[in-house]
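>>> give me coordinates for this.
(4 chains)
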4 protein chains.
Amino acid sequence: MPSNTLGIHFTVSSFGESHGKCIGAIIDGCPAGLHLSEADVQPLLDLRKPGQSIITTQRKETDTVEILSGVFKGFTTGAPICMIIWNKDSDSRSYDEFQSKPRPGHADYTAYVKYGGFNDFRGSGRFSGRLTATIAMGGAVALKILKNYLNIEIISFTKSIGDITMDSEDISFDTLSKNRYLNDVRCPDPNTALRMKDSILSARREGDSLGGIIECLVRGVPVGLGEPIFESIESELSKGIFSIPAVKGLEFGSGFRGSSMKGSENNDSFVIDKSTGHIITETNKSGGILGGITDGMPLVFRVAFKPAASIARPQKTVNLKDMSESPLIVTGRHDPCVVPRAPPVVDSIAAIVVLDSCFKSNLIPRVIK
Amino acid sequence: MPSNTLGIHFTVSSFGESHGKCIGAIIDGCPAGLHLSEADVQPLLDLRKPGQSIITTQRKETDTVEILSGVFKGFTTGAPICMIIWNKDSDSRSYDEFQSKPRPGHADYTAYVKYGGFNDFRGSGRFSGRLTATIAMGGAVALKILKNYLNIEIISFTKSIGDITMDSEDISFDTLSKNRYLNDVRCPDPNTALRMKDSILSARREGDSLGGIIECLVRGVPVGLGEPIFESIESELSKGIFSIPAVKGLEFGSGFRGSSMKGSENNDSFVIDKSTGHIITETNKSGGILGGITDGMPLVFRVAFKPAASIARPQKTVNLKDMSESPLIVTGRHDPCVVPRAPPVVDSIAAIVVLDSCFKSNLIPRVIK
Amino acid sequence: MPSNTLGIHFTVSSFGESHGKCIGAIIDGCPAGLHLSEADVQPLLDLRKPGQSIITTQRKETDTVEILSGVFKGFTTGAPICMIIWNKDSDSRSYDEFQSKPRPGHADYTAYVKYGGFNDFRGSGRFSGRLTATIAMGGAVALKILKNYLNIEIISFTKSIGDITMDSEDISFDTLSKNRYLNDVRCPDPNTALRMKDSILSARREGDSLGGIIECLVRGVPVGLGEPIFESIESELSKGIFSIPAVKGLEFGSGFRGSSMKGSENNDSFVIDKSTGHIITETNKSGGILGGITDGMPLVFRVAFKPAASIARPQKTVNLKDMSESPLIVTGRHDPCVVPRAPPVVDSIAAIVVLDSCFKSNLIPRVIK
Amino acid sequence: MPSNTLGIHFTVSSFGESHGKCIGAIIDGCPAGLHLSEADVQPLLDLRKPGQSIITTQRKETDTVEILSGVFKGFTTGAPICMIIWNKDSDSRSYDEFQSKPRPGHADYTAYVKYGGFNDFRGSGRFSGRLTATIAMGGAVALKILKNYLNIEIISFTKSIGDITMDSEDISFDTLSKNRYLNDVRCPDPNTALRMKDSILSARREGDSLGGIIECLVRGVPVGLGEPIFESIESELSKGIFSIPAVKGLEFGSGFRGSSMKGSENNDSFVIDKSTGHIITETNKSGGILGGITDGMPLVFRVAFKPAASIARPQKTVNLKDMSESPLIVTGRHDPCVVPRAPPVVDSIAAIVVLDSCFKSNLIPRVIK
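Okay, here's the model as predicted:
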């Protein structure tokens, strides 16, 4: 199984480097008959692209996507869909130093050892957050199929930045969805968003960085997705989510907090939804998953991002050439906090994984009409 | 890819049901030449088996493992190793009710829908914690290979039960390893262990249950394991860990707490280990993983288990026969807290995944001598 | 991917050794709700088992299959189905010699090198034709699903033994199906069958062995199975077929003979089937496959088996202990021709592969009712 | 597993269409440190490209390959290598007709049904022989690694065209290698080559086409490649070979002819190679494979290609629009015989599969130096 491919039935393969000629993705297993053009993909890429506001990196990329294969007369053909973005504004000057003086918190050192020094280190190469654009290429397709054919909707938003957290529990899916992209930090609560932005700017002024938490909700999920034991829906989502750079934690439903509750608090009672006659749970501590299988309630999970590793403050590292301890100043253009750019990526991973599970459950035909 | 199989090169496939004839595992991809007998597997199963103390289920199973294939003259042959445990003490009386009245927090409802009511619901069937014994079969083999051929050691222990948490940060690996199995709750700190045990007993008296957190450390990991983008070591570990029943959260290194730190606090400086001359990090906020690749420091991760779903208190559910809301009293023999039985299982998943990564990196020959 | 597993969605994993405790299979991905018991599997195993006639090995095995998991109240549950046969009549006396003096045409030498001498060589271990019984376990399940839910039927029969060949082109599927098991050699033409049997007996008298060709027909295949480029139906069938011991050739439709025809002879014209109104081809030189995708005509392929490698005549080999050239007399109980026992195995591989392709095309629900 | 990907460890994924913007391949799992540029790939593509002689299609394509990713400073980085060829000389005028009037022997009908009419039918789309160039992209890389690091060499050549066959048994590997590309038909015997060429030209004059047989030899293979039961070296090679358009048969060693031999004729005796002291076989009826595992002798297999389906003679088909039987004249530019363009493709498949098996056996490090 190629390690740059996500999914079993609906697969997304990533290629390209941050400062190479291009970045791209191959989407294989997409049903034939889906109406698809660049216009379906570009908006998600635009939400992720750099240089959008003062709280993100100032690298300027239009990130204009081009579909090279797999689409004919406006519809998918069932063949692999290759999409590509040509890199434009790469500035590799600062990276030569990092090859011999690995940045703390980055992949410089581990990649150097693993690939014997042959890795393309410019702009962090394959380890750059820029590669998440290739995930979003697949995500855009998956999101469209889920929405149009199964009425499944996915929204991710910024739940916390540093120590500032939004309380989202009593806010409706629709409100969260409507408001999440109204501001630069992607937090659906405008007041919290302002405080978050201040906090990021303040960290940047100090030459420092912040992390945060993204929450993701998936609405409209049918009962029965997930293939226990080892392909539970949590297993598959986690495999995808931990592929996103800087992610160090993941919890479903009540998660870590739930581990300190009692069973009587954490169990979700089954009841009848009076309006539909369907079985639902009164609460959703399980995050919509029981025994690794979706239970029809919204999926709820939270993703912890570490603070961005590139900071302007002096740090300590080891010079690989002479194995001497050495100070390091990281220059270049970097995000002081990657969380505001992450919601489209979390959306994408969730969409790819949920869609893949739908294929396993035979919910999507091989030809869509 | 069969969904009951974990791993790519070194694979463990689980079969059997909690109250069926047997449970078992097939281990494929094990190198030839490993000295192996039931005596290598039984101890890990014994640490996991039920009925060991007053804080676990009273089901009595000797869980005696038998190797059916793949071993010849005391050594592995390179062929699939089938191991089996014959079930002895199953009592399925209470489960007929759960087929029509799904227990809150359990897989009864989702399995019923997914498998059209054909699933073996006795003792929770495939969803029983009992199936983790099949994971431990593979884990025992993986742990032996890692220890003997790569000097990699794995220890999991109980970090918290309910709201009682052990502070383990300043305790050495060796001490944690030595003390973790000295008591029923598998917490290496004796005083905390006593309080945890009281807490479990108290919850059980109230007809309630508790959850908790397992911490896992992996020592001796070489630099370079993990295959980004989508087979990062975090991705692979998470896929395995979320296959364990009741797991709802996972974090590496500083994890969720790290998401509220600043970069300057969370980055681990590279320094020279004076005693070995090797590069290490001064702290280990990353949990031994940078860019999805191991950095040579110990792997550190924490696993959140929800409180056991089977509680003696009255709960609400829906009767699937007539779709009426209905009270439910769960009887039968259950663990008031599954955490104390989980360390061998977390060890096993970690061992299988790390060993599989070692195969990807060509660190293990196909014939061991 | 474990190398003892066949299939992607519907998988069959083989374990066990010829002279070990048992042989067995795990079937994963079988839909829930299939009525299944040992009675569905035993007949296919009986057609394959040894000791049935004077032209097969005289090893006596009842090959009684037992289902250990995955079936509950007479129906499949969606969980892995483990089936097992306990070995009874193994006689390993003659095999110690082959470990140091590899038999020509056998896997003794290659297995010795590959597994460093640790392989279970008794009765050829994993390389014994006996292991095809584990394929038949999966095959029996696949054949039942194909027949009952998609009306797809598969028949294999002996097309040639040595230089005696049956002309089957103008004989109907039903006649071939009815007659193929009426005699020991499994050739649907009684007169040819007699000559084949004489030929085998004559070879055995000379201390020699014969090979032959199995033809397989699959009727009722829908248009559209197969996933080009690399999972064409030919690719998937060939991968399975070449897993059968002693197979050295495979051709579809006009095959090798077709390679010397002209396009105008080998192309199959499309016409309307007057009785059904469906598109069919006038001839079937393509073997029911165009562009790697089934075209609705019967699949037709032929499988070449080499003559059995175990012969009573003196042969030359090399003693691995001292690297000296050495004469060898192969004793023990062996088939003078494996072809008569192969049709159930070819049926099984075809069934597993075709069913797996049906899953890829979403033709089988995850719950059968 | 994406169906346009070949291999497990070293994978080649194909994308693009015959008359689309481009065709390309992603090579994942290539070790870091391999010196690689377009100059390593172009020669193999040149041997395969159209328009080289009067016996191939007159489509003019330079087939200039461009590497887009995975190579840095002249060396592979361990990241996915994307290669691309931009299509230049496509003429899609004749294909509209084939969408409603499927050509006999082509994938027009099966693709139409499978993909619901959405497939890109121009120039046969994904089913064009043109796509074998994407296989050759991966093949060129695999061939270089095998040659440079394991001294494994692969040669394919034209063994027969129509009913004209070259006797190659007593000709040395080196002679076959030296002579195979000296003429348009790629047959190492000059006299036979002339007759083959005449035969092709004669068929074309008649508006007809020819098939043929490619033989492939692999020299320098170590003992022990192949992973029985289901990933035998024959299984893996066959899966790849049957992905090549127009292939309908495959045999190893004595193959179909061997099935009519006696065991005493077909068994290969083990002897000592006096010059090296190694064990070899006196003959090579097994084609270098025993029990699905390489035995150190050259691999030998033959591939049957059907006559090209596109012929100028009138044929019968069914009009899909009104389901009427209809005559068809196939126009456009086509190969009267695809066999002369196949050797680089068979070489490529063999190289990819053998290299993948080498990775399974740990014979290639992840970083090459």
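>>> all helices of the stretch 151-300 of chain A, in order?
A:173-179, A:190-205, A:233-241, A:255-258, A:263-266 (DSSP state H, counting those that start in this stretch).
>>> and the single nearest residue of the stretch 201-350 of chain A relative to chain B, how far from B:Asp108?
Distance from chain B to each residue of the stretch 201-350 of chain A (C-beta to the nearest C-beta) is smallest for A:Gly291, at 2.3 Å. Heads up, the C-betas are built off the backbone N, CA and C, glycines and all. Note on A:Gly291: its distance to B:Asp108, by C-beta to C-beta, to the nearest Å, is 8 Å.
>>> same deal with A:Phe98?
For A:Phe98 relative to B:Asp108 (C-beta to C-beta), the value is 53 Å.
>>> between those two, who's got more neighbours?
Neighbours of A:Phe98 and B:Asp108, each counted by other C-beta atoms under 10 Å in any protein chain shown, are more numerous for B:Asp108; the result is 28 against 23.
>>> quick one: residues contacting that one.
B:Phe98, B:Gln99, B:Pro102, B:Phe121, B:Ser124 (C-beta atoms under 8 Å, 6 or more residues apart in numbering or on different chains).
>>> including pLDDT, could these go into JSON lines?
Putting those into JSON lines (pLDDT from 0 to 100) gives the following:
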{"residue": "B:Phe98", "pLDDT": "76"}
{"residue": "B:Gln99", "pLDDT": "80"}
{"residue": "B:Pro102", "pLDDT": "95"}
{"residue": "B:Phe121", "pLDDT": "92"}
{"residue": "B:Ser124", "pLDDT": "91"}
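>>> from those residues, which ones fall inside helices?
Judged by DSSP state H, those include B:Phe98, B:Gln99 as members of helices.
>>> near chain A, from the contacts of B:Asp108?
Among those, proximity to chain A is found for B:Pro102 (C-beta under 8 Å from any C-beta of the partner chain).
>>> dump the contacts of B:Asp108 to CSV, plus distance to C:Ile154.
Formatted as CSV, the contacts of B:Asp108 follow (distance: C-beta to C-beta, whole Å):
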residue, distance to C:Ile154
B:Phe98, 41
B:Gln99, 37
B:Pro102, 40
B:Phe121, 35
B:Ser124, 38
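>>> check the stretch 251-369 of chain A for the residue nearest chain D and tell me.
As assessed by C-beta to the nearest C-beta, chain D sits closest to A:Val367 within the stretch 251-369 of chain A, at 3.5 Å.
>>> ok, and the closest non-adjacent residue to that residue?
Leaving out its chain neighbours, the residue that sits closest to A:Val367 by C-beta to C-beta, 6 or more residues apart in numbering or on different chains is D:Gly116, at 3.5 Å.
>>> same question for A:Leu355.
A:Ala142 (4.3 Å).
>>> can you tell me which residues contact the closest residue to A:Ala246 other than its chain neighbours?
Excluding the flanking residues, the one nearest A:Ala246 by C-beta to C-beta, 6+ apart is A:Phe305, at 4.8 Å. Residues near A:Phe305 by C-beta under 8 Å, 6+ apart: A:Gly211, A:Gly212, A:Ile213, A:Ile214, A:Ala246, A:Val247, A:Lys248, A:Val338, A:Val339, A:Ala342, B:Ser259.
>>> tell me the buried residues in stretch A:256-276?
Buried residues in stretch A:256-276, counting neighbours by 16 or more other C-beta atoms under 10 Å in any protein chain shown, are found at A:256-264, A:266-270.
>>> okay, now the unreliable bits of the stretch 1-150 of chain A?
A:1 (pLDDT under 70).
>>> and the gap between whichever residue of it sits closest to chain B and B:Gly224?
Chain B sits closest to A:Ala107 of the stretch 1-150 of chain A, with a gap of 2.4 Å, by C-beta to the nearest C-beta. A:Ala107 is 11 Å from B:Gly224, where distance means C-beta to C-beta.
>>> overlap in contacts, those two.
B:Ile293.
>>> which parts of the stretch 251-369 of chain A sit against chain D?
A:Arg366, A:Val367, A:Lys369.
>>> pLDDT-wise, what's the bottom of those?
Minimum pLDDT across these is recorded for A:Lys369, with 81.
>>> re earlier: the residue of the stretch 201-350 of chain A closest to chain B is in contact with A:Pro228, isn't it?
Yes. Using C-beta atoms under 8 Å, A:Gly291 is in contact with A:Pro228, at 6.3 Å.
>>> who touches both of those two?
B:Ala107, B:Phe127.
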